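build me a model:
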Amino acid sequence: MKKFFFGLWLTFLSVSLVSGAIITNTNQSVEYIRLLARNASLRLDSVYYNPAGTAFLANGFHLALHNQTIKQEKTVINAFPFLNSSEYVGQVQVPIFPSFFAVYKQDKWAVSFGFGPNSGGGTAEFSTGLPSFEIPLSLLPASMAMMGVPTTKYAADMYFKGQSAFYGFQGNVSYAFSEMFSLAVGLRYIYAVNKYQGHLENIKINPLHPLLNPSGQMMSAAQFFTLAGMPEMAAEVSDQAVDVTQKGTGFTPLVGLDIRPSERLNIGIRYEFNTKVELENESKVDDTGLYPDGYKFRNDIPAILSLGVEYALTEPFRIMVSYTYFFDKNANWEGRENLVDSNTYDLGVGLEFDLTKRITLSCGYLRSESGVSEEYQTDFSYELDSNSFGVGARINLSPSIDLELGGLYSKYIEDDKTMSIEEFPLPFSESYQQWNWVFSVGLEIKVK
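Below you'll find the model as predicted:
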């Protein structure tokens, strides 16, 4: 029973916070939040989205500091008939999600640096646990009744909090071979940290037993089974807790190409190789035995291919289209990648209009398609297709300083699966819902 309660904790929590990518956070700048199509960027966020494009920036130093505030809600609805409640809500709060870009450009060369949480970056808190924790508990009354002890209720204190952040430190070198072509090579260092804390405590039942509980009141399940001479069952329903940190590192080689057929048209291409990430358990508390201290396992960041086009329809009006493809099936997730039917992709479209010389307005739309199978989906870790909408503005505060503002809302398409367990012969359903919003602000500075 203990392993059933906590088994899903072995699933990685390093999920993306905005796009449909299973692992990768593509929301690395305010411009992305307000446009959702940055793969052909020729601004400072090209350090991440289009590194070859940095070779076409103006000569000098360029600096940018951005932050996003993210709120996400994840809801699981389970139709198992014996549960006290069918709905489980998890809150993800990310008050600080920073990114930093720096570029030095001189003639045909550019050297750039970027920082940002490439995966995770938030804390997910389920104050009432998850269905996988509670379903075994909900079977206790029926099991007791079959043993000849009438029991109708159960209760427990269930809590789970998971934190995940894969910090990326990226360096690029770019070179413009001509006014039309530039190339870039880069390397990103990943420092990954996951933290899991949770407990399943104070399990109670109301057995009507003439000697041990004649009043039929709620009592400790462990105490009842101990008094009944059932030590193994008492151990199964005793208090359990987990406090585990997982750490690891990895490197992401990347290459980029930028093509400028004309002043109005720009094309960006980027390929990131698969990032091998091996996490190691540092277990302070593990009452389940599922987290051996020092155990290592793979949690790769998949390879990425991104394509982008930016076209100026008129001098003040630009349209941007981006396609990003994630090679999920080629990553190593300790076998879970085999539950992915098709690789994830994002398709984004953005519009930008210079309202005045100092104010630029924008909006964007992103469609994310996740190709995971029904078997992949669990109450702890699930992936959903989504539609995201972004709006924002750039305000030119001075010839060398721009203020970036952006807001985004994502609505995920509900999914469900049919489940069954050995102890209950009838199938039951579990559905998954999710939404998030983002507010972002940033400053970009050019230093001559």
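
when you work out contacts or count neighbours from here on, use the C-alpha atoms and nothing else.
OK.

pull the contacting residues for Lys448.
Shown in contact with Lys448 (C-alpha atoms under 8 Å, 6 or more residues apart in numbering): 59-61.

that's a strand at Gly216, yeah?
No: counting by DSSP: H, G, I helix; E, B strand; the rest coil, one finds Gly216 to be coil, located in no strand.

next secondary structure element downstream of the worst-scoring helix or strand of the chain on mean pLDDT?
Scoring the helices and strands of the chain by mean pLDDT, DSSP states H and E places helix 2-6 at the bottom, with a mean of 44. Next along the chain after helix 2-6, taking DSSP states H and E as the criterion, comes helix 30-35.

just how off-centre is whichever helix or strand comes after that following helix within its chain?
Using DSSP H and E, the helix or strand that follows helix 30-35 in sequence is helix 46-49. The chain centroid and the centroid of helix 46-49 are separated by 20 Å under C-alpha atoms, centre = their mean, to the nearest Å.

and what of stretch 157-165?
With C-alpha atoms, centre = their mean, you get 14 Å for stretch 157-165.

quick one: contacts of it?
If you take C-alpha under 8 Å, 6+ apart as the criterion, stretch 157-165 is touched by 13-14, 117-129, 133, 192-203.

among those, which are in strands?
Judged by DSSP state E, these include 117-126, 192-203 as members of strands.

need the contact list for Thr245.
By C-alpha under 8 Å, 6+ apart, the contact list for Thr245 reads 193-196, 281-283.

who does the helix or strand harbouring Pro425 touch, helix- and strand-wise?
For Pro425, the element it lies in under DSSP H and E is strand 424-447. Here strand 424-447 touches helix 30-35, strand 60-78, strand 401-412, strand 415-421, going by 3 or more C-alpha pairs under 8 Å, 6 or more residues apart in numbering; DSSP states H and E.

buried stuff in the longest one?
With burial defined by 16 or more other C-alpha atoms under 10 Å, the residues of strand 60-78 counted as buried are 61-78.

low-confidence stretches in the protein?
Applying pLDDT under 70 to the chain flags residues 1-20.

is it true that Thr69 touches Gly442?
No: in this structure, Thr69 is not within contact of Gly442 by C-alpha atoms under 8 Å, at 11.7 Å.

what's the overlap in contacts for these two?
Common neighbours of Thr69 and Gly442 (C-alpha under 8 Å, 6+ apart) do not exist.

just to revisit the earlier point, distance to Val242 added to the contacts of Lys448, as JSON lines?
As requested, those are exported to JSON lines (distance: C-alpha to C-alpha, whole Å):
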{"residue": "Asn59", "distance to Val242": "53"}
{"residue": "Gly60", "distance to Val242": "51"}
{"residue": "Phe61", "distance to Val242": "48"}
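
ok, so of those residues, who is nearest Ala155?
Using C-alpha to C-alpha, Phe61 comes nearest to Ala155 of those, at 60.9 Å.

that closest one reaches Ala102, doesn't it?
Yes: applying C-alpha under 8 Å, one finds Phe61 in contact with Ala102, separated by 7.3 Å.

circling back: taking the contacts of Thr245 together, which two end up most distant?
Within the contacts of Thr245, Val193 and Ser283 form the most distant pair, 13.1 Å apart (C-alpha to C-alpha).

part of a helix, is Asp293?
No: under three-state DSSP, Asp293 falls outside any helix and is assigned coil.

what does it show for phi and psi?
Main-chain torsions, Asp293, degrees, to the nearest 10: phi -60, psi 130.

how many neighbouring residues does it have?
Neighbourhood size, Asp293 [other C-alpha atoms under 10 Å]: 17.

next, the buried residues of the strand holding Pro425.
430-446.

just checking, Phe101 touches Leu44?
Yes: if you go by C-alpha under 8 Å, Phe101 and Leu44 touch, sitting 6.6 Å apart.

more crowded one of the two?
Between Phe101 and Leu44, counted using other C-alpha under 10 Å, the more crowded position is Leu44 (27 against 24).

separation between that one and Leu443?
In this view, Leu44 and Leu443 are 11 Å apart by C-alpha to C-alpha, to the nearest Å.

list residues touching both of those two?
Jointly contacting Leu44 and Leu443 under the rule C-alpha under 8 Å, 6+ apart are Ala64.

Leu305: neighbour count?
Counted by other C-alpha under 10 Å, the residues lying close to Leu305 total 17.

what sits against it?
Listed by C-alpha under 8 Å, 6+ apart, the contact set of Leu305 reads 269-272, 324-326.

partners of the helix or strand hosting it in the sheet?
Using DSSP H and E, the element containing Leu305 is strand 304-314. Strand pairing for strand 304-314, determined by DSSP bridges: strand 265-272 (antiparallel), strand 317-326 (antiparallel).

can you add mean neighbour count and give these back as TSV?
Listed next are these as TSV, based on neighbours: other C-alpha atoms under 10 Å:
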stretch	mean neighbour count
strand 265-272	22
strand 317-326	22
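
between those, which gets nearest to Leu212?
Among the strands paired with strand 304-314, the nearest to Leu212 by C-alpha to C-alpha is strand 317-326 (58.6 Å).

against which helices or strands is the helix or strand following that closest one packed?
Of the helices and strands lying after strand 317-326 in sequence (DSSP H and E), the nearest is strand 340-354. Applying 3+ C-alpha pairs under 8 Å, 6+ apart, one finds that strand 340-354 contacts helix 30-35, strand 317-326, strand 359-372.

for the next helix or strand after the longest one, buried residues please.
Toward the C-terminal end, the helix or strand that comes next after strand 359-372 (DSSP H and E) is strand 386-398. By neighbour count, with 16+ other C-alpha under 10 Å as the criterion, the buried positions of strand 386-398 are 386-396.

so what does strand 386-398 touch, helix or strand wise?
Using 3+ C-alpha pairs under 8 Å, 6+ apart: strand 386-398 touches helix 30-35, strand 359-372, strand 401-412.
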